[in-house]
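**Student:** Here is a sequence together with a model predicted from it:
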Amino acid sequence: MKILSTCLLALFFAATLFSQQSYKIGCIGFYNFENLFDTLDTPDVNDFEFTPEGDNRYTPEVYREKLTNLSRVVAELGLELTPDGVALLGVSEIENRSVLEDFVQQPSVKARNYQIVHYDSPDRRGIDVGLLYNPKYYEVSSSASVPLYLFDSNGDSIFTRDILLVSGLFDGEPLHVMVNHWPSRRGGEAATQPLRNAAALKCKTIADSIMAVDPSAKVIIMGDLNDDPSSPSVREVIQAKRKKEEVKAGGFFNPMYDYYKKGIGTLAYRDAWSLFDQLIISSTFLDGDKSEYQFYKAIVHNPPYLTQKEGAFKGYPFRTYAGNTYLGGYSDHFPVYLFIIKPN
């Protein structure tokens, strides 16, 4: 994989664009928080390993350091173009609302007054998705937890994360966001592909319904999709395109596709890189009213300090644990974000 300074690239593009005109800028991102659990053993949730008595020895000190580390990363997302940083942040692998309440109180992000949208999901491990938003930019009008009804080959229910649908106004403009953490590849990529295809179809159906009512609506499908931009779920079901000129009205553009083709990923497994963390945007970010927010640039945030420097995971995202050994890192995923702009 090529580890490039994507922030430096963004600064170059910014210097070219903003030398000519003043713009309003919004930053929207996604980050897999990699097992942000509290330290309590919650009944009916498989979370004992993330307790002081569990194999991970997940103590209050570890939990606090995890919050500090994650907040350091989030605090710097988007700063190359806006001093307010990321205005909307989808998150995954969080145990409950309380861990997000602790997160938004961290000193490095507290001044942004992030608000929380969260629902409990039926996932066996007790991990959910959520949305953090800066009320200076975004006003929530409605939200819903959309369940995925999935079944294995025996007809038994598969309990996975719900899709979080949030609708509201971004600086006065309607914006709908779906935060996802699709079923994993455990059991094999091919064998589990129908599960992710089903999740993708649910997102596509929701998006189509929104845009059928309002063709000018802006929609973002974000999350840890456990699939790459070239996977059937993304490329065929959602039909997210690599090139802007291929996107038709009502369709979707995947700004992460080019990163993937260049060998830039957000996580690694067995020395192979994947780009599971994606931000997929509706055509209205490309061909809408030019006086409204339009897509500008997407970023994979991979500064050197977020990369493991030694050991079995050298070169991978600097994770919190290797097995049950505490490493003191951040996450086994890199975060991603994008900028939307409009004339000031």
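**Tutor:** Yep, it's here.
**Student:** For residue 26, what is the enclosing helix or strand?
**Tutor:** Per DSSP states H and E, residue 26 falls inside strand 23-36.
**Student:** Distance from that strand to the middle of the chain?
**Tutor:** Its chain's C-alpha centre lies 6 Å from the corresponding centre of strand 23-36 when counted by CA atoms, centre = their mean, to the nearest Å.
**Student:** Use 382 as the first number for this chain going forward.
**Tutor:** Sure, I'll start numbering at 382, so the last one becomes strand 404-417.
**Student:** What's the mean pLDDT across that strand?
**Tutor:** Averaged over strand 404-417, pLDDT sits at 97.
**Student:** What residues sit buried inside the helix or strand following that strand?
**Tutor:** Going down the chain from strand 404-417, the next helix or strand is helix 441-457, by DSSP H and E. Within helix 441-457, the residues that qualify as buried are 443-444, 447-448, 450-457, counting by 16 or more other CB atoms under 10 Å. The C-beta positions use only the backbone N, C-alpha and C, and glycine is treated the same way.
**Student:** Please verify my assumption that residue 515 contacts residue 463.
**Tutor:** No. In this structure residue 515 lies outside contact range of residue 463 using CB atoms under 8 Å: 10.5 Å.
**Student:** what's near enough to touch residue 620?
**Tutor:** If a contact means CB atoms under 8 Å, 6 or more residues apart in numbering, then residue 620 has 585, 632-633 as its contacts.
**Student:** Kindly apply the preceding question to residue 520 instead.
**Tutor:** Residues in contact with residue 520, defined by CB under 8 Å, 6+ apart, are 549-550.
**Student:** Okay, now the sheet partners of the helix or strand hosting it, with direction.
**Tutor:** Using DSSP H and E, residue 520 sits in strand 519-527. For strand 519-527, the paired strands and their directions (DSSP bridges) are strand 544-551 (antiparallel).
**Student:** Listing request: residues of the chain with sub-threshold pLDDT.
**Tutor:** When the per-residue scores of the chain are filtered using pLDDT under 70, the ranges that remain are 382-401.
**Student:** Helices along that one, start to end?
**Tutor:** Under the criterion DSSP state H, helices of the chain are mapped to 387-399, 441-457, 478-485, 570-594, 613, 638-642, 665-668.
**Student:** Next, format those as JSON lines and append distance to residue 675.
**Tutor:** Shown next, in JSON lines, are the helices of the chain (distance: least, CB to CB, whole Å):
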{"stretch": "helix 387-399", "distance to residue 675": "12"}
{"stretch": "helix 441-457", "distance to residue 675": "24"}
{"stretch": "helix 478-485", "distance to residue 675": "29"}
{"stretch": "helix 570-594", "distance to residue 675": "17"}
{"stretch": "helix 613", "distance to residue 675": "29"}
{"stretch": "helix 638-642", "distance to residue 675": "18"}
{"stretch": "helix 665-668", "distance to residue 675": "6"}
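**Student:** quick one: which of these is nearest residue 712?
**Tutor:** Distances from residue 712 to each of these were compared by CB to CB, and the smallest falls on helix 441-457, at 7.1 Å.
**Student:** Taking helix 478-485 as reference, get the angle to the closest one.
**Tutor:** Orientation note: helix 441-457 sits at an angle of 60 degrees relative to helix 478-485 (axes from the mean of the first three to the mean of the last three CA atoms, to 10 degrees).
**Student:** so how far is helix 441-457 off the chain centroid?
**Tutor:** The answer for helix 441-457 is 17 Å, by CA atoms, centre = their mean.
**Student:** ok and it relative to strand 404-417, angle-wise?
**Tutor:** Helix 441-457 and strand 404-417 meet at an angle of 160 degrees, taking the same axes, to 10 degrees as the criterion.
**Student:** and residue 641, what is it in contact with?
**Tutor:** When contacts are counted by CB under 8 Å, 6+ apart, residue 641 is found next to 609-611, 656.
**Student:** I'm done for today, thanks for sticking with me.
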